[in-house]
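Participant: Structure for this input, please:
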Amino acid sequence: MENLLLLLSLFAVFPSLQALPWSTQHNNNNQQPSNLNNFEGSSDLVNLEYHMGPVLASPINLYIIWYGHWNPNHQDIIKDFIFSLSSPPPPPSRRPSVAEWWRTVKLYSDQTGSNITGTIHLSGEFHDSYYSQGNYLTRLAIQHVIKNSLTQNNPKALPLNPYTGLYLVLTSSDVQVQDFCRAVCGFHYFTFPAVVGATVPYAWVGDSGKQCPGICAYPFARPEGSEAPPPSKIMGAPNGDVGVDGMVSVIGHELAETSSNPLVNAWYAGDDPRAPTEIADLCVGLYGSGGGGGYVGNVYKDNWGNGYNLNGVKGRKFLVQWVWNPVQRRCFGPNALD
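Facilitator: The predicted model follows:
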């Protein structure tokens, strides 16, 4: 849920991840190098349990709230990632795909046996370019941002959809959010009826490009307070913007966890639902085979040397962290080499 805060607990589980990784392995031909070791988690150490709550099994109506001033090109990058989650099967030349990455999330089910949906519709957008709640947001203020987007006297208001709705609040790079950069890059929760009018799942992710790219846009920026390679060795962002390309991975992280644990009573590890270790928390910093111990894993490079591990719609490429596979009992993505 709160990937940086929970990274501390992840380190306790996976000692090989005790430093922010900077060395990367690249592979353009899908051939597994002879020195590739797997550090993607251990089924003996992870106690991921189902706590009988719902998952998002019905087709999801996703509503994006753009808070602050946004570059339309940056919005297109994020929306193309959303569209890619439910895209048709790609030709072999466009694999591995974002939709194949979501297949791992779809493996999770509820007590009725219903699996998480594979259908995510971008059903509405709201532009809060006037900073209705100011330039600094507390966690509770984010719920008021959602409430503001539902105001009925606004002709562009979003619908309140407590049945199949999921609200995604995205803050621009000039907006500060409680615990942003210090403890979290994004989080998800559910709204309070007293604030919004109903209980609905939501997630927030911030653009870290100006505030903490070395923390929340890893591995596209130099880590803060740690040894790092010269700028020429830093991995390039596949869509040309460090903050937004970093956001894409965090958005994937939060959508996976919101779908598998929308009311914080479904899939997570640990005994405390107030600080659950969820299916993406278990795989923070892992993007390919061999990840861990100082490596993001075996990923691809485009013609300009930018790193990616998934293909999306409209020729987009994305670098998105892996999530926990409940069948294989390890972190996994469709670019895995084994």
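Participant: hey, let's count contacts and neighbours off CA atoms from now on
Facilitator: Will do.
Participant: remind me, longest helix of this protein?
Facilitator: For the chain, the helix with the greatest residue count under DSSP state H is helix 242-260.
Participant: Any stretches of the stretch 151-300 of the chain with poor pLDDT?
Facilitator: 225-232, 293-294 (pLDDT under 70).
Participant: Apply 80 and report the result again.
Facilitator: Within the stretch 151-300 of the chain, the stretches with pLDDT under 80 are 152, 224-233, 293-294.
Participant: Just the strands from it, written as ranges.
Facilitator: Using DSSP state E, counting those that start in this stretch, the strands found in the stretch 151-300 of the chain span residues 165-171, 176-177, 186-190, 201-206, 267-269, 295-301.
Participant: could those be laid out in CSV, adding distance to G307 and mean neighbour count?
Facilitator: Shown next, in CSV, are these (distance: least, C-alpha to C-alpha, whole Å; neighbours: other C-alpha atoms under 10 Å):
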stretch, distance to G307, mean neighbour count
strand 165-171, 24, 24
strand 176-177, 28, 20
strand 186-190, 22, 23
strand 201-206, 21, 25
strand 267-269, 30, 24
strand 295-301, 5, 24
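Participant: Of the ones you listed, which is nearest R222?
Facilitator: strand 295-301 (14.0 Å; C-alpha to C-alpha).
Participant: Quick one: neighbours of the nearest residue to A269 once chain neighbours are set aside, just the number.
Facilitator: Leaving aside its chain neighbours, A269 sits nearest to L48 (4.2 Å; criterion: C-alpha to C-alpha, 6 or more residues apart in numbering). Residues lying near L48 (other C-alpha atoms under 10 Å) number 19.
Participant: these two touch, right, L48 and A266?
Facilitator: No. L48 is beyond contact range of A266, at 10.2 Å (criterion: C-alpha atoms under 8 Å).
Participant: Overlap of the contact sets of these two?
Facilitator: By C-alpha atoms under 8 Å, 6 or more residues apart in numbering, L48 and A266 have no common neighbours.
Participant: and I64, backbone torsions?
Facilitator: phi -100, psi 130 (degrees, to the nearest 10).
Participant: For beta bridges, what are the partners of it?
Facilitator: Going by DSSP bridges, I64 is paired in beta bridges with E125, L168.
Participant: Relative to I146, how far out is it?
Facilitator: To I146, I64 is 10 Å away according to C-alpha to C-alpha, to the nearest Å.
Participant: now do S58
Facilitator: Distance, S58 to I146, by C-alpha to C-alpha: 22 Å.
Participant: same check, this time on K156
Facilitator: As judged by C-alpha to C-alpha, K156 and I146 stand 13 Å apart.
Participant: swap in S260?
Facilitator: For S260, the distance to I146 - C-alpha to C-alpha - is 21 Å.
Participant: Looking at those two, which has the bigger crowd around it?
Facilitator: Comparing S260 with I146 by neighbour count (other C-alpha under 10 Å), the higher total belongs to S260, at 30 against 25.
Participant: The more buried one against Y108, yeah?
Facilitator: Yes. Counting by C-alpha under 8 Å, S260 sits close enough to Y108 to count as a contact (6.6 Å).
Participant: tell me, what's touching these two both at once?
Facilitator: By C-alpha under 8 Å, 6+ apart, S260 and Y108 have these common neighbours: V55, I116.
Participant: ok, P54 - contacts?
Facilitator: D110, Q111, S260, N261, P262, L263, N265, A266.
Participant: Point out the ones among those that are inside helices.
Facilitator: Among the contacts of P54, DSSP H puts S260 in helices.
Participant: Could you find the closest non-adjacent residue to Y136?
Facilitator: Distance criterion C-alpha to C-alpha, 6+ apart; nearest residue to Y136, sequence neighbours excluded, is Q176 at 4.7 Å.
Participant: one step back: who touches both of I64 and I146?
Facilitator: Common contacts of I64 and I146 (C-alpha under 8 Å, 6+ apart): Y167, V169.
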